[in-house]
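Visitor: Show me the folded form of this:
(one chain, ligands or ions: 1)
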Amino acid sequence: MELLVEVIQSLAYATAWRPLSQSEAKAGEIDRKTQSDPQPLFSVSVKRQASSAESPWKSSAAFHTIFDPEDSNYKVYTTVVWPLIDNILKGENCSFFGYGHSGSGKTHTILGYDFQDTQQLGLCLAAAKQLFDALQSLNKENKGQQLGIGLSVFELRNKSAFDLLNNRAQCHIREGSDGKVHVRGETEVLEGGKVRVRPIVQRPCWEFESFKRVLVQALGQRATGSSSVHDQSSRTHAVLELEIVSQVLLDSRHALYDRQSELVPVGKLATDIRVEEESKGFMQTPDGKWAPNPDYKINQERIDAAEAEKDRFEARVKAAEEDIETVLKLSGSPCLGAKMVFVDLAGAEYYDRNATQMQTIKQAAQERQEGRQINSDLLALKEVMRAWAQNQKRIPFRSSTLTMVLREHFMSTRKGNSGIIVTLSPATEQYEATLNSLKYASLVGAAVA
Ligand SMILES: Nc1ncnc2c1ncn2[C@@H]1O[C@H](COP(=O)(O)OP(=O)(O)OP(=O)(O)O)[C@@H](O)[C@H]1O
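Guide: Here you go, the predicted model:
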């Protein structure tokens, strides 16, 4: 039982019931009850309708808070995110996830649809607003480095990432030699054979209004498709990263990208020279084996010279990385470099063999494949959250692109600085999907009890 509490303290769980829409009202509302047992955690019990004869299904006591349909986004913000803003200002990282079936209200909660009404701003914008207020005070006191927020926005679809601040440019997800996962754009070859390694775009913003403009513009680039529930479904996971930045930090990052770009052709040349020398220095014998070629002596000096040049360029990259560390250490602002990550997960797809009205809507084969991929990502995320919350040695980050991308965030986020909001529809016609979401959320705790 202690373990269960530990998991719950590591990940703040909240459930948010959205309002019933007009079109859903006719078919009726799910019968739902909240129990606070053991305090301060809540369990939720549901049955299809108050009049149905079935016994209710009850979740584990897994939730810190239950939000009602009439609760505003601002209430969700003040309960789930606001308590962690101080931790960001101390330099800690935080992450928040919106989980739920398609049409349950994830985008409404995490990103918001109304960017004017302060009661309805999504959690991400509300957090940025409060952070900018805090940074303004810090900037007044700190005459040196002025602080702002760097915003990156990308979405994951199947196994690819798309940069929403760079016209949906496709990005690559790679694990570096340091074990860290990087999301990068194409490596471009410029005039004169120069190479540029394009990182995912991070747009620095120095005040809230410009941040909001950049965010709204990025969200306009999101791909939507039709799900089994609604037509404007986001069929992707949207990842928004807010980092506290200064111009000095940004400059030192650019110096790093320049040096990484310079390393690419030098590293390639060293590999090409080694391959060329070795392919000349060995020959295939009639029995298919490889033996030294008596007519060619490998030019080891040539290989060594190319390797030495590569080492020199690698050292320059390392020095630029160390410069960034120095900027962070000497800035005098503990929050510089701290990150907040918001993830609007793609809607879990629920398929029922006894198809109800919702599932009878035909989906194209590609959409079904996408739906399967989304479900498998969400399953992988659940396993990662469980393993992370239990401090397991091996956390299965590699099991999906989503969890690979989130690896750094999990590894750098202290327990207690993460929250999941499980969004639920109260519509009877979406009962199976709602039940499925509650089971998903419930399982994380129950599996370790
Ligand atoms: N708390 C809420 N208050 C008012 N309207 C809401 C609320 N939550 C959701 N809605 C409305 O319900 C509809 C579906 O919500 P939303 O787009 O956020 O779902 P979603 O879970 O992100 O779906 P998908 O995964 O398919 O993109 C939208 O029209 C949204 O405005």
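
Visitor: Phi and psi next, for residue 204.
Guide: Residue 204 has phi and psi values of phi -80, psi 130 when expressed as degrees, to the nearest 10.

Visitor: Now for it: which residues touch it?
Guide: Contacts for residue 204 (C-beta atoms under 8 Å, 6 or more residues apart in numbering) come out as 148-150, 245, 247, 250. Every C-beta, even on glycine, is put in place using the N, C-alpha and C of the backbone.

Visitor: run the last query once more with 7 Å
Guide: Listed by C-beta atoms under 7 Å, 6 or more residues apart in numbering, the contact partners of residue 204 are 148, 150, 245, 250.

Visitor: what are the bridge partners for it, then?
Guide: Residues in a beta bridge with residue 204, per DSSP bridges, are residue 150.

Visitor: so what pLDDT did it get?
Guide: What the model reports for residue 204 is a pLDDT of 97.

Visitor: so which helix or strand takes in the residue nearest the centre of the chain?
Guide: If you average the C-alpha coordinates of the chain and look for the closest C-alpha using C-alpha atoms, centre = their mean, you land on residue 239, 4.2 Å from that point. Per DSSP states H and E: residue 239 is located in strand 237-245.

Visitor: which neighbours does that strand have in its sheet, and in what orientation?
Guide: With DSSP bridges as the criterion, the sheet partners recorded for strand 237-245 are strand 148-157 (antiparallel), strand 339-344 (antiparallel).

Visitor: would TSV of those strands with mean neighbour count and distance to residue 163 be doable?
Guide: What follows is these, written out as TSV (neighbours: other C-beta atoms under 10 Å; distance: least, C-beta to C-beta, whole Å):
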stretch	mean neighbour count	distance to residue 163
strand 148-157	24	5
strand 339-344	25	16
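
Visitor: Put together a markdown table for these, with mean pLDDT on each row.
Guide: Formatted as a markdown table, these follow (pLDDT from 0 to 100):
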| stretch | mean pLDDT |
| --- | --- |
| strand 148-157 | 95 |
| strand 339-344 | 95 |
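
Visitor: The ones you listed: which one's closest to residue 324?
Guide: Distances from residue 324 to each of the strands paired with strand 237-245 were compared using C-beta to C-beta; the shortest belongs to strand 148-157, at 13.3 Å.

Visitor: show me the contacts for residue 161.
Guide: Residue 161 makes contact with 154, 171, 173, 183, 405, according to C-beta under 7 Å, 6+ apart.

Visitor: Rebuild those as JSON lines, extending it with secondary structure and distance to the ligand.
Guide: Converted to JSON lines, the contacts of residue 161 look like this (DSSP: H, G, I helix; E, B strand; the rest coil; distance: C-beta to the nearest ligand atom, whole Å):
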{"residue": "154", "secondary structure": "strand", "distance to the ligand": "16"}
{"residue": "171", "secondary structure": "strand", "distance to the ligand": "21"}
{"residue": "173", "secondary structure": "strand", "distance to the ligand": "22"}
{"residue": "183", "secondary structure": "strand", "distance to the ligand": "22"}
{"residue": "405", "secondary structure": "helix", "distance to the ligand": "18"}
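
Visitor: who wins for neighbours among the residues you listed?
Guide: Counting neighbours by other C-beta atoms under 10 Å, the top entry in the contacts of residue 161 is residue 154, with 27 neighbours.

Visitor: quick revisit: report the beta-bridge partners for the residue nearest to the centre of the chain.
Guide: Applying DSSP bridges to residue 239 yields these beta-bridge partners: residue 154, residue 343.

Visitor: Was I right to think it contacts residue 157?
Guide: No. Under the criterion of C-beta atoms under 7 Å, residue 239 lies out of contact with residue 157, with a separation of 11.7 Å.

Visitor: list the contacts for the residue nearest to the centre of the chain?
Guide: The contact partners of residue 239, taken as C-beta under 7 Å, 6+ apart, are 154, 156, 341, 343, 405.

Visitor: can you rerun that using 10 Å?
Guide: Remark: with contacts taken as C-beta atoms under 10 Å, 6 or more residues apart in numbering, residue 239 is in contact with 95, 152-156, 161, 164, 183, 200, 341-345, 402, 405-406, 409.

Visitor: circling back: now flag whichever of the contacts of residue 204 is closest to the ligand.
Guide: Taking C-beta to the nearest ligand atom as the measure, the ligand sits nearest to residue 150 out of these, at 25.2 Å.

Visitor: coming back round to it: show me what the helix or strand just after the strand holding residue 239 is packed against.
Guide: Towards the C-terminus, the helix or strand next in line after strand 237-245, according to DSSP H and E, is helix 247-281. Under the contact definition 3 or more C-beta pairs under 10 Å, 6 or more residues apart in numbering; DSSP states H and E, helix 247-281 sits against strand 148-157, strand 181-189, strand 195-199, strand 203-205, helix 300-330.

Visitor: buried stuff in helix 247-281?
Guide: Under the neighbour-count criterion of 16 or more other C-beta atoms under 10 Å, helix 247-281 has 248-249, 252-253, 255-257, 259-264, 266-267, 270, 273-274, 277 buried.

Visitor: so which helix or strand takes in residue 416?
Guide: Here residue 416, judged by DSSP H and E, is contained in no helix and no strand.

Visitor: Could you check how far it is from the ligand?
Guide: To the ligand, residue 416 is 26 Å away according to C-beta to the nearest ligand atom, to the nearest Å.

Visitor: what's the distance between the strand holding residue 239 and the middle of its chain?
Guide: What separates the centre of strand 237-245 from the centre of its chain is 8 Å, taken as C-alpha atoms, centre = their mean, to the nearest Å.

Visitor: Mean confidence (pLDDT) on that strand, please.
Guide: Per-residue pLDDT values across strand 237-245 average out to 96.

Visitor: Is it in proximity to the ligand?
Guide: No. With C-beta under 6 Å from any ligand atom as the threshold, strand 237-245 lies outside contact range of the ligand, at a closest distance of 9.3 Å.

Visitor: neighbours around the residue lying closest to residue 281 once chain neighbours are set aside, how many?
Guide: Among residues not flanking residue 281 along the chain, residue 298 sits closest, at 3.8 Å (C-beta to C-beta, 6 or more residues apart in numbering). For residue 298, the tally of surrounding residues (other C-beta under 10 Å) stands at 16.

Visitor: Please name the residues that touch residue 298.
Guide: When contacts are counted by C-beta under 10 Å, 6+ apart, residue 298 is found next to 274, 276-278, 280-282, 292.

Visitor: How about residue 396?
Guide: Taking C-beta under 10 Å, 6+ apart as the criterion, residue 396 is in contact with 380, 383-384, 386-388, 403.

Visitor: separation between it and residue 388?
Guide: From residue 396 across to residue 388, the span is 10 Å (C-beta to C-beta, to the nearest Å).
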